[in-house]
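Chemist: generate coordinates for the sequence data below:
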Amino acid sequence: MIKLAKREKYLTWIAAGCVVIFVLFQFLIFPFFDSKERLEGGLKTKEKSLNEIVGLSSEYQGYQTGSQSIEQTLARRRQGFTLFSFLDTAAGAAEVKSQIKYMKPSVSPGTGDYKESEVEMKLEGVTLEQLVGYLHRIESPADSVNIKRITISQNKKEKGYLDATLQVYTFER
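Modeler: Next up is the predicted model:
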């Protein structure tokens with residue numbers, strides 16, 4: 001056995017204590033805090049995902065309610081309703097039938113139970129009052145008819161008159 005002086009024994013004990021403290025921190029305390037941070041990060045990620053799922057659920061509920069509303073609207077429509085004839089009838093009532101340059105119907109296949117029926121039409125040489133009256137007649141929540149896009153410009157031939165291009169759509173089964 002090696003004889004150590006009292007001071008050397010204290011230094012040896014202090015060095016051994018430092019090694020033990022180092023080992024404790026390196027292999028027990030630091031890994032514990034690292035795993036705690038990792039768990040907290042995972043918890044935050046899961047919480048964020050849960051909030052996103054809740055948001056998507058409420059969005060889905062809104063779509064489902066909208067779908068039921070569309071279903072009710074379609075059920076209330078008169079038999080044989082077509083967007084083209086609806087727009088043509090409204091043009092007669094608004095007295096703009098003679099200003100219709102063209103009407104182009106199209107149908108887009110939908111992803112669900114409904115397809116989107118669309119008519120692009122151009123009106124030439126209408127007054128502002130005639131256009132507003134026509135728009136008022138065709139924007140029909142009762143028949144689920146909506147204007148997707150409208151372009152209005154001044155008529156180049158007659159001053160004070162307008163040209164309008166409309167894209168009107170509705171849903172069909």
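Chemist: what residues sit buried inside stretch 95-112?
Modeler: Burial within stretch 95-112, assessed by neighbour count using 16 or more other CB atoms under 10 Å, is assigned to 96, 99-100, 103. (Glycine included, C-beta is placed from N, CA and C.)
Chemist: to clarify, my last question referred to stretch 60-72.
Modeler: Neighbour counts over stretch 60-72 (16+ other CB under 10 Å) mark residue 70 as buried.
Chemist: how about stretch 132-141?
Modeler: For stretch 132-141, by 16+ other CB under 10 Å, it's 133-135, 137-138.
Chemist: coming back round to it: closest to residue 20 out of the buried residues of stretch 95-112?
Modeler: Using CB to CB, residue 103 is the member of the buried residues of stretch 95-112 that lies nearest residue 20, at 89.5 Å.
Chemist: please name the bridge partners of the nearest residue to residue 118 once chain neighbours are set aside.
Modeler: Spatial nearest neighbour of residue 118, excluding adjacent residues (CB to CB, 6 or more residues apart in numbering): residue 169 at 4.4 Å. Residue 169 forms beta bridges with residue 118, residue 146, as assigned by DSSP bridges.
Chemist: specify the helix with the largest residue count in this structure.
Modeler: Ranked by number of residues, the top helix in the chain under DSSP state H is helix 30-76.
Chemist: hmm, who's touching the very next helix or strand once past that one?
Modeler: Next along the chain after helix 30-76, taking DSSP states H and E as the criterion, comes helix 83-93. With contact meaning CB atoms under 8 Å, 6 or more residues apart in numbering, helix 83-93 is reached by 97, 100, 103, 105, 117-119, 121, 134, 137-138, 140, 143, 145, 168-170.
Chemist: buried set for helix 83-93?
Modeler: For helix 83-93, the neighbour count (16+ other CB under 10 Å) marks 83, 86-87, 90-91 as buried.
Chemist: just checking, next helix/strand downstream of it?
Modeler: That would be, after helix 83-93 and using DSSP H and E, strand 100-108.
Chemist: need the helix or strand of the chain with the lowest average pLDDT.
Modeler: helix 30-76 (a mean of 86; mean pLDDT, DSSP states H and E).
Chemist: roughly how far is that one from the heart of the chain?
Modeler: Centroid displacement of helix 30-76 relative to its chain, using CA atoms, centre = their mean, to the nearest Å, is 14 Å.
Chemist: who are the packing partners of that helix?
Modeler: Secondary-structure packing of helix 30-76 (3 or more CB pairs under 8 Å, 6 or more residues apart in numbering; DSSP states H and E): strand 162-172.
Chemist: what's in contact with the strand it packs on?
Modeler: Outside strand 162-172, the residues within contact range by CB under 8 Å, 6+ apart are 70, 74, 83, 86-87, 107, 110, 114-128, 131, 138, 143-156.
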